[in-house]
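Peer 1: Sequence plus predicted model, see below.
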Amino acid sequence: MAAPRVLFVHQNFPGQFPHIAAAVLKRGWKGAVIGSKTARNTPGLDVRRWTAPRGSTPNIFEPATRAEADLIRAEAAGEVAFKLKADGFIPDLIIGHPGWGETIHLSEIFPKAPQLLFGEFYYRSSGADVGFDTEFEQRTERDALKTSAKNMGLARAYTDAELIVCPTPFQASTFPKGFQSRIRVLHEGVDLGAARKRSNAVFTTPSGLKLDGSTPVITFINRNFERLRGFHIFMRALPAFLAAVPEAQVVLIGADSDSGYGGKLAHGQTWRQKMEAELGGPLDPARVHFVGRVPHGQMIDALSISWAHVYYTYPFVLSWSLVEAMGCECLILASDTAPVRDAVTHNLEGILNDFFDVPALTEAMIAACRQPEAFTDLRRQARQTALARFDRETVGVPGWMQLIDEALGTRG
């Protein structure tokens, strides 16, 4: 019997799929990739990149903006799929992330290939990120229609899925009832062999200050500093904390130039600029260190010396950084929001507080610095829970391979 052929589809391949692709190749199977210009070359995989045939229509009917963009990308990916087919690559299975539309037409081009699609998030007008923070969003009933319209490409794509793989229960809960019977909840996995507490770790700030954890360090990580990930709440909690714990240092890892999930501010302002203006100017640069994005190893060093790691989020996709902080046995100080509760139980793996309660976060950071011994059990349990639910080698990859076998079995 010929080795199965798997087609991976992801705009930014490998995205969530690097170790799944590696496991497929390890079995001796054949693989190809359809991605955009940002897709990375991977040994053993035939990587094909699509180019959009056109841009978006100027002044298009606003609710159709996302659907048109998805269909433009779908057509471009479809052209690449036709070329793959002409070159003799007919997949036995398609594994894809449908978030940008590329999988929409693939059931027409490869009708016999079951699709295993990544279920990252399904937009909702209530009960998720939209309308959660009324300080910045005043929603109307008509705004709900715009949110619903963003799902048109996703709905079409998931209709063709044999199975939909959602990383967490909350993410699965955002999907409509009609898709629920095909959903499997399984995290793709985080490398918790690498994300573990390092003894004698040292983190060096851009100013040259070396932090070794002998005095209190609070860490905070966003891909982009933004409201959706609670940056504004964290910044508001810092002045009182810094006054109460004068020996403490704060390390913020991430970019402050991109808009992030929460959208852009007016006049090109960043969230860091906005919050510093609100607080009356920059916080003490000798103690509050904005270090930008750093190599993964340096991030693990920062988490290894952390006395408490702050992770706040709207009801949205769970960040890998939280799982990595748990893997490093950080004391987790997090928002009591649905995605966090899929990873952290209050007073078991960390401390959860109401997202909007700024004084509660301040007090939690102070307690972490003044009574560190009180949280030893929470730190240890954080890693144990991370290993049980999110470890790549023991949970993510084996689980995905089982689902791949299940999907292949549905078509014989």
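Peer 2: Sure thing, it's come through. Owing to the predicted nature of the structure, the values given are computational and were not obtained by experimental measurement.

Peer 1: any idea how far the spatially most central residue of the chain lies from Tyr123?
Peer 2: Taking C-alpha atoms, centre = their mean as the criterion, Ser319 is the residue nearest the geometric centre of the chain, at 4.1 Å. With distances defined as C-beta to C-beta, to the nearest Å, the gap from Ser319 to Tyr123 amounts to 18 Å. C-beta: built from backbone N, CA, C; applies to glycine.

Peer 1: any idea whether Arg196 is helix, strand or coil?
Peer 2: Using DSSP: H, G, I helix; E, B strand; the rest coil, the three-state assignment for Arg196 comes out as coil.

Peer 1: so what pLDDT did it get?
Peer 2: Arg196 carries a pLDDT score of 98 in this model.

Peer 1: try Met1
Peer 2: According to the prediction, Met1 has pLDDT 67.

Peer 1: now the one 5 residues further on
Peer 2: At Val6, the model reports a pLDDT of 98.

Peer 1: what are the phi and psi values for it?
Peer 2: With angles defined as degrees, to the nearest 10, Val6 sits at phi -120, psi 130.

Peer 1: do the same with Thr204
Peer 2: Dihedral pair for Thr204: phi -100, psi 120, per degrees, to the nearest 10.

Peer 1: tell me, how many neighbours does it end up with?
Peer 2: The tally of other residues near Thr204 (other C-beta atoms under 10 Å) stands at 14.

Peer 1: Quick check: it touching Lys210?
Peer 2: Yes - with contact defined as C-beta atoms under 8 Å, Thr204 and Lys210 form a contacting pair (5.2 Å).

Peer 1: Please list all residues in contact with Ile404.
Peer 2: Listed by C-beta atoms under 8 Å, 6 or more residues apart in numbering, the contact partners of Ile404 are 6, 20, 24, 93, 95, 116.

Peer 1: Quick check: pLDDT value at the third one.
Peer 2: Pointing back at Val24 there. The pLDDT attached to Val24 in the predicted structure is 97.

Peer 1: So it versus Ser207, what's the distance?
Peer 2: Counting by C-beta to C-beta, the separation of Val24 from Ser207 is 45 Å.

Peer 1: What of the fourth one?
Peer 2: From Leu93 over to Ser207 the distance is 51 Å, taken as C-beta to C-beta.

Peer 1: Between the two, which has more neighbouring residues?
Peer 2: Neighbour comparison, Leu93 and Ser207: the larger count goes to Leu93, with 23 against 9 (by other C-beta under 10 Å).

Peer 1: on that earlier part again, and the residue nearest to the centre of the chain, backbone torsions?
Peer 2: In this entry, Ser319 is assigned phi and psi values of phi -80, psi 140 (degrees, to the nearest 10).

Peer 1: With Tyr312 instead?
Peer 2: According to degrees, to the nearest 10, Tyr312 has phi -120, psi 140.

Peer 1: Enumerate every residue touching the closest residue to it other than its chain neighbours.
Peer 2: When the adjacent residues along the chain are set aside, Tyr312 lies closest to Gly230, with 2.5 Å between them (C-beta to C-beta, 6 or more residues apart in numbering). For Gly230, the contact set (C-beta under 8 Å, 6+ apart) comprises 310-314, 335, 355.

Peer 1: do Ile366 as well
Peer 2: Counting by C-beta under 8 Å, 6+ apart, Ile366 makes contact with 241, 244-245.

Peer 1: Check Thr174 too.
Peer 2: Taking C-beta under 8 Å, 6+ apart as the contact definition, Thr174 lies against 121-124, 127-128.

Peer 1: Would you show me how to pick out the buried ones of those in ChimeraX?
Peer 2: Here is the ChimeraX selection string for the buried members of the contacts of Thr174, based on 16 or more other C-beta atoms under 10 Å:
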select :121,122,123,124,128
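
Peer 1: From the contacts of Thr174, which one has the minimum pLDDT?
Peer 2: The pLDDT minimum for the contacts of Thr174 sits at Gly127, where the score is 85.

Peer 1: Could you give the backbone dihedrals for it?
Peer 2: phi 80, psi 0.

Peer 1: shift numbering so it begins at 41
Peer 2: I'll keep to 41 as the first residue from here, and by that count the last item is Gly167.

Peer 1: Which residue, other than its chain neighbours, is closest to it?
Peer 2: Nearest non-adjacent residue to Gly167, counting by C-beta to C-beta, 6+ apart: Pro355, 7.0 Å away.
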